[in-house]
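Q: Next comes the sequence, and after it the predicted model I'd like to discuss.
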Protein chains: 2
Amino acid sequence: MTTRTPRPSRASGDDSSLVTRSERKQRTRGALLDAALKLISEGRSFTSLGLREITREAGVVPTSFYRHFRDMEELGLALVEEGGLTLRRLLREARKRGRPDVDMVRRSVEVYKQYVEDNRLHFFFIAGERHGGSPLIRRAVRNEATHFINEMAEDIRQLNIAPQLSFQSLQMICNLIVSSMLSAATDILDLPPNQPQAHKEMLETYVQQMRLIFLGTLQWKEKPGR
Amino acid sequence: MTTRTPRPSRASGDDSSLVTRSERKQRTRGALLDAALKLISEGRSFTSLGLREITREAGVVPTSFYRHFRDMEELGLALVEEGGLTLRRLLREARKRGRPDVDMVRRSVEVYKQYVEDNRLHFFFIAGERHGGSPLIRRAVRNEATHFINEMAEDIRQLNIAPQLSFQSLQMICNLIVSSMLSAATDILDLPPNQPQAHKEMLETYVQQMRLIFLGTLQWKEKPGR
DNA sequence: AGTGCGAGTCAACAAGTGTTCACAAAATCA
DNA sequence: TGATTTTGTGAACACTTGTTGACTCGCACT
C-alpha cells in the first residue's frame, strides 16, 4: 500500500513539473486526499463528500479520480491510514521524550494539545469518523485506535511505571485515556484561537482528568480471578 | 418549541386519520424525524442526508418538508432536542434508582448499556454528531451534553457522596464519565447482538474504567489555590 | 528511436437534488 | 353554513451527481 509523508503539505499552486511519472501520480493522489481533508475540516462529514466536489477542490477533472481510487470508500480508507500514521508519530515523539518526570501529566497534555493543533486536518477526520458516518470507515478508525492503544500500553509496560498491573488492565486504562483525548480533540479544534483564557481552562480540565485517571491507576487492584 | 414524546414509535403503515389537525401535523413531523434517524442508523451521517431522501422514507412528498422545517438544519436541531430529552430521561431514571449500594458501578453500567440499546436511534445520532459534521449541530449536541454533565454533577452533590469535592471538580469528573460513556455508546451499538461473550467483555471493560475513575475520585485532592 | 502504457481531459448520459408555484381538500373558525 | 386556514400534492425548474467511453500526450522501457 503506497503512502506519502504528509509533511510537504502540497498545496495548490505549485504545479511545476516533477519529472518522474509516479511522483506526479502521488502528487495528485495527495491533492485528492488533501482536498477531502480540507472539505471535512470546513464542516462536512466524510459520507457527505462527493466525488466531483473533491476533484474540483483538487483542481482535477472528475474522471481523474478513478486513476487513484476505485470509489470514495477507498479514498476514505486511505485517509484512515494517513490518520493512523499521524497517531503513531505522536507515540514516537512521546517515546523520545523519555521517562516521566515531575508534572509529566501536565506536560503530556500540553504536548498533545499542540500536536492536535499542528495536525488539525487529520484529527478532525479521525475524531469525526470514529463515531459517525460509514460503518466501514468507522471500523477502520477503530482498528487504528486499538493499535494505538496497544502500542501505548506496551510502552508503559516497558517503562515499568506500574509493574503491578496486568497487560489487560493497562489496555483498559489506555483505552480510557485515548477515548477521552480523542473526544478532547474535537473540543480543542473547535475552540477559536483568540481566546487564551478558554484555552487555559480547557487545558486545566484535561490535565485534571488525566491526573484523576493516574490516581485511580495507582490505587488499582487486579481482580483476584483475573 | 413543540416536541413530541418519542414513545409511540410512529412507524409507517398506521396512517389512519387522526381527527385534529395539529395532531396530524405532529404526526408527519415525527415521521420526518424518524425517517432521518432511521437513515442515520443505517450508516449515514446527518450532513449527508438529503431532503428528498427523508421525505421519501417518511412517505411524504418533498414539498411537505417545508411545512415543518425551514431547512435541514432546523430538522437537525429538532433531533438534537429529542436526543437531549432522551439523555434527561436517563438521568431521571438514575435518580429514581436512589442512593448507591454495593456494586453500584457495575449496575449503573449495565443499566446504561441497556438504555443505549433501547434508544439506539437517538444514541446513534448523538454520539455521531457530537464530533462530526455540521458545526452548528455539533455545538448544539455539545450544549446538551454540558447540561447533562451539570445536572449529573448537581445530583452527585446532593447525594453527598463526595463532600470534599468542589463543584468544579465534580463537573470535571462528570465530564470525563460522560465523554467515555458516549464514546462507549458507539461501541455498544456496533457490537452485533449475537455475541454474548464480546458483550460481556466490553461491559467488563467499561465497568473497570468507571471503577478506576471512582478510585481516582476518592483520592482526589483539590488544588490549594482553587 | 520508436513504441506502448498510463495519467489526465472532454463530452455526454441518466438520475437525483433543492426549491418554486399553483392547486386540492379538509379541519377550524365566524 | 360559509369563509378561511393549513396540511399535503403535482408538475416543473435549473443544477449537480457518479460513471461511461473515446481521446491526447508525454514519460518510460526496449
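A: Yep, that arrived.
Q: which parts of stretch A:205-225 are buried?
A: A:205-217, A:220 (16 or more other C-beta atoms under 10 Å in any protein chain shown). Heads up, the C-betas are built off the backbone N, CA and C, glycines and all.
Q: same check, this time on stretch A:91-109
A: For stretch A:91-109, by 16+ other C-beta under 10 Å, it's A:Val105, A:Arg106, A:Ser108, A:Val109.
Q: Would you mind listing what in chain A touches DNA strand D?
A: Counting by C-beta under 7 Å from any atom of the strand, chain A comes close to DNA strand D at A:17, A:19-22, A:50-53, A:56, A:62-63, A:65-66, A:71-72.
Q: picking up where we left off before, go through the buried residues of stretch A:91-109 and name the one nearest B:Asp118.
A: A:Val109 (35.9 Å; C-beta to C-beta).
Q: how about the CA coordinates for the helix or strand hosting the closest one, as PDB?
A: Secondary structure assignment for A:Val109, by DSSP states H and E: helix A:104-118. Extracted C-alpha coordinates of helix A:104-118, given in PDB (Å, rounded to 0.1, in the frame of the first residue of the first chain):
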ATOM      1  CA  MET A 104       4.600  14.800  33.500                       C
ATOM      2  CA  VAL A 105       0.900  14.700  33.100                       C
ATOM      3  CA  ARG A 106       0.600  18.400  32.500                       C
ATOM      4  CA  ARG A 107       3.400  18.400  30.000                       C
ATOM      5  CA  SER A 108       1.900  15.400  28.200                       C
ATOM      6  CA  VAL A 109      -1.500  17.100  27.800                       C
ATOM      7  CA  GLU A 110       0.200  20.300  26.600                       C
ATOM      8  CA  VAL A 111       2.200  18.400  24.100                       C
ATOM      9  CA  TYR A 112      -0.900  16.600  22.900                       C
ATOM     10  CA  LYS A 113      -2.900  19.800  22.500                       C
ATOM     11  CA  GLN A 114      -0.100  21.300  20.400                       C
ATOM     12  CA  TYR A 115       0.100  18.100  18.400                       C
ATOM     13  CA  VAL A 116      -3.600  18.200  17.700                       C
ATOM     14  CA  GLU A 117      -3.400  21.800  16.600                       C
ATOM     15  CA  ASP A 118      -0.500  21.000  14.300                       C
END
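Q: is that helix anywhere near chain B?
A: No: contact of helix A:104-118 with chain B (C-beta under 8 Å from any C-beta of the partner chain) is absent, the minimum separation being 11.9 Å.
Q: Report the distance from that helix to the chain centre.
A: 13 Å (C-alpha atoms, centre = their mean, to the nearest Å).
Q: contact partners of that helix?
A: A:90, A:93-94, A:97, A:101, A:123, A:181, A:184-185, A:188-189, A:203, A:206-207, A:210-211, A:214 (C-beta atoms under 8 Å, 6 or more residues apart in numbering or on different chains).
Q: One more: stretch A:125-141?
A: So stretch A:125-141 is contacted by A:37, A:40-41, A:45-47, A:73, A:76-77, A:79-80, A:83, A:86-87, A:142, A:144-145, A:182-183, A:185-186, A:189, B:43-46, B:48, B:127-133, B:183, B:186, B:190 (C-beta under 8 Å, 6+ apart).
Q: Let's see that with 6 Å instead.
A: Residues outside stretch A:125-141 that contact it (C-beta atoms under 6 Å, 6 or more residues apart in numbering or on different chains): A:40, A:45-47, A:76-77, A:79-80, A:83, A:182, A:185-186, B:43, B:45, B:127-128, B:131-132, B:186.
Q: That one: end-to-end distance?
A: Length of stretch A:125-141, first residue to last, C-alpha to C-alpha, to the nearest Å: 10 Å.
Q: Could you list the buried residues of that stretch?
A: Here stretch A:125-141 shows A:125-134, A:137-138, A:140-141 as buried, counting by 16+ other C-beta under 10 Å.
Q: can I get the residues you listed in JSON lines with secondary structure, distance to DNA strand C and pLDDT?
A: Below are these laid out as JSON lines (DSSP: H, G, I helix; E, B strand; the rest coil; distance: C-beta to the nearest atom of the strand, whole Å; pLDDT from 0 to 100):
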{"residue": "A:Phe125", "secondary structure": "helix", "distance to DNA strand C": "22", "pLDDT": "98"}
{"residue": "A:Ile126", "secondary structure": "helix", "distance to DNA strand C": "26", "pLDDT": "98"}
{"residue": "A:Ala127", "secondary structure": "helix", "distance to DNA strand C": "26", "pLDDT": "98"}
{"residue": "A:Gly128", "secondary structure": "helix", "distance to DNA strand C": "21", "pLDDT": "98"}
{"residue": "A:Glu129", "secondary structure": "helix", "distance to DNA strand C": "22", "pLDDT": "98"}
{"residue": "A:Arg130", "secondary structure": "coil", "distance to DNA strand C": "26", "pLDDT": "98"}
{"residue": "A:His131", "secondary structure": "coil", "distance to DNA strand C": "23", "pLDDT": "98"}
{"residue": "A:Gly132", "secondary structure": "coil", "distance to DNA strand C": "18", "pLDDT": "85"}
{"residue": "A:Gly133", "secondary structure": "coil", "distance to DNA strand C": "17", "pLDDT": "86"}
{"residue": "A:Ser134", "secondary structure": "coil", "distance to DNA strand C": "17", "pLDDT": "97"}
{"residue": "A:Ile137", "secondary structure": "helix", "distance to DNA strand C": "21", "pLDDT": "98"}
{"residue": "A:Arg138", "secondary structure": "helix", "distance to DNA strand C": "22", "pLDDT": "98"}
{"residue": "A:Ala140", "secondary structure": "helix", "distance to DNA strand C": "24", "pLDDT": "98"}
{"residue": "A:Val141", "secondary structure": "helix", "distance to DNA strand C": "26", "pLDDT": "98"}
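Q: Just put those residues in TSV and tack on distance to B:Leu176.
A: Output for these, formatted as TSV (distance: C-beta to C-beta, whole Å):
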residue	distance to B:Leu176
A:Phe125	24
A:Ile126	20
A:Ala127	17
A:Gly128	21
A:Glu129	23
A:Arg130	18
A:His131	17
A:Gly132	22
A:Gly133	25
A:Ser134	28
A:Ile137	27
A:Arg138	23
A:Ala140	27
A:Val141	22
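Q: Show me the residues of chain A next to DNA strand D that map onto helices.
A: Judged by DSSP state H, the subset of the residues of chain A next to DNA strand D located in helices is A:Arg21, A:Ser22, A:Leu51, A:Arg52, A:Glu53, A:Arg56, A:Met72.
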